[in-house]
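1. I would like to see how this sequence folds:
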Amino acid sequence: MNGKPITTILVALICFCAIGPSHADFDDSLEEGKTYGSNANASMPDASTLVPEDVPGYETASPPESDYYNNPAAVGDAASQAAASNEAAQDVSEGFATRPVYTIDSGTDPMLQRQDQAEANSASIAGALEGEYADCEPVVFQGSEPADTETCTESKSLETASCRRTNDCSVTGETMRCEPMHFPCSPTRPSCCSLDIICRGDGAVAVSYQDCCGQTHTSIAQGIDDFHAPGLQYNQNSRSRIVCAANGACIIDFTDYRCNSPTVDLGLHPDVNRFSFDMEPVVECVMQNGCAELEDRVR
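-> Numbers count the residues shown, from 1 in each chain. Got it, this is the predicted structure:
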């Protein structure tokens with residue numbers, strides 16, 4: 001009996017299983033790594049004891065660049081000096097002055113001429129379009145290429161301009177400078193009355209008079225003009241006055257009166273005492289700006 005041989009194929013299935021390290025093995029490896037790191041750190045040299053010249057890339061303790069530390073102006077000065085002998089810097093600097101000047105002439109440029117013609121005769125152009133293209137449907141072009149943008153620059157030659165701002169000042173007058181003072185009514189004889197010059201915070205001057213009756217009278221002056229003749233009345237009697245000249249020199253006219261009638265004088269004693277106020281000049285300044293035209297051009 002004829003028949004085909006029967007071949008039996010034995011397929012062996014082999015299973016591969018990945019077995020990971022146990023938790024104990026991981027802890028041991030971690031400890032080994034710590035031990036290695038500790039030993040390596042112990043053998044490393046102390047950086048503070050190294051000789052600077054042995055450090056790779058070390059040049060000097062005082063490199064030339066240290067002059068620029070915290071001094072930005074020095075960097076700019078060094079760059080300017082280097083640019084004087086640097087070929088690339090010279091090419092850039094000279095290029096601004098030597099490159100050709102391109103000027104757009106509005107009278108001869110074809111693009112601008114066509115624009116002017118369209119503006120001047122727009123009706124005829126619109127009429128020519130009507131009818132010839134009346135049956136066309138608008139089509140939106142879907143292009144893949146980006147739009148091109150063309151620009152032009154009009155260059156101008158460099159120029160150097162200078163201007164001056166001046167502050168014109170002049171003395172327009174004098175103002176009184178107050179200093180606190182205390183003195184008796186008369187320096188040549190015993191006096192039971194006195195005067196105080198008090199400087200107020202608002203620039204005014206207070207004159208406080210203490211009479212022999214135990215009374216105090218205060219007068220206020222805004223400036224030296226209030227002391228000009230007939231002077232500042234410093235008590236209740238109208239002839240008791242302090243009179244000052246424009247230069248600050250002052251005299252005191254004193255009047256006797258009874259305590260119960262201070263407005264009735266018993267006798268005038270002119271120029272019984274003197275003192276002076278210091279005067280300061282009043283200066284007014286006007287700025288003369290000679291750079292206004294140049295500033296407008298820069299804008």
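2. buried ones in the helix ranked longest in the chain?
-> Taking DSSP state H as the criterion, the chain has its longest helix at helix 23-43. Judged by neighbour count using 16 or more other Cβ atoms under 10 Å, helix 23-43 contains no buried positions. All C-beta spots, glycine's among them, are computed from the backbone N, C-alpha and C.
3. what packs against whichever helix or strand comes after it?
-> Using DSSP states H and E, the next helix or strand after helix 23-43 towards the C-terminus is helix 72-83. Other elements packing on helix 72-83 under the criterion 3 or more Cβ pairs under 8 Å, 6 or more residues apart in numbering; DSSP states H and E are helix 87-98.
4. and the contacts of stretch 277-285?
-> Contact partners of stretch 277-285, identified using Cβ atoms under 8 Å, 6 or more residues apart in numbering, comprise 167-179, 224, 227, 244, 247-248, 250.
5. quick one on the thing from earlier: tell me the mean pLDDT over the longest helix of the chain?
-> Helix 23-43 carries an average pLDDT of 80.
6. got it, and stretch 188-206?
-> Stretch 188-206 carries an average pLDDT of 88.
7. need the distance between the two termini of that stretch.
-> End-to-end distance for stretch 188-206: 25 Å, by Cα to Cα, to the nearest Å.
8. buried ones in it?
-> 193, 195, 197, 205.
9. I'd like the residues you listed as JSON lines, with distance to residue 118 and secondary structure appended.
-> Formatted as JSON lines, the buried residues of stretch 188-206 follow (distance: Cβ to Cβ, whole Å; DSSP: H, G, I helix; E, B strand; the rest coil):
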{"residue": "193", "distance to residue 118": "100", "secondary structure": "coil"}
{"residue": "195", "distance to residue 118": "93", "secondary structure": "strand"}
{"residue": "197", "distance to residue 118": "86", "secondary structure": "strand"}
{"residue": "205", "distance to residue 118": "81", "secondary structure": "strand"}
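10. pLDDT below threshold where in the stretch 51-200 of the chain?
-> 123-136, 139, 141-145, 147, 154-156 (pLDDT under 70).
11. the same query, at a cut-off of 80, please.
-> Scanning the stretch 51-200 of the chain for pLDDT under 80 picks out the ranges 51-65, 67, 96-97, 99-103, 106-107, 111-114, 116-161, 189-190.
12. mind jotting down where the helices sit in this protein?
-> Using DSSP H, the helices assigned to the chain run over residues 23-43, 72-83, 87-98, 110-120, 122-129, 292-298.
13. need those in a markdown table with distance to residue 55, can you?
-> Shown next, in a markdown table, are the helices of the chain (distance: least, Cβ to Cβ, whole Å):
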| stretch | distance to residue 55 |
| --- | --- |
| helix 23-43 | 18 |
| helix 72-83 | 26 |
| helix 87-98 | 34 |
| helix 110-120 | 66 |
| helix 122-129 | 80 |
| helix 292-298 | 52 |
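14. among the ones you listed, which is nearest residue 238?
-> Closest of the helices of the chain to residue 238 is helix 292-298, at 57.3 Å (criterion: Cβ to Cβ).
15. using PDB, list the CA coordinates for that closest one.
-> Extracted C-alpha coordinates of helix 292-298, given in PDB (Å, rounded to 0.1, in the frame of the first residue of the first chain):
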ATOM      1  CA  ALA A 292      15.000 123.700  19.000                       C
ATOM      2  CA  GLU A 293      15.500 123.600  15.200                       C
ATOM      3  CA  LEU A 294      17.900 120.600  15.400                       C
ATOM      4  CA  GLU A 295      15.600 118.800  17.800                       C
ATOM      5  CA  ASP A 296      12.700 119.100  15.300                       C
ATOM      6  CA  ARG A 297      14.800 117.700  12.500                       C
ATOM      7  CA  VAL A 298      15.800 114.700  14.700                       C
END
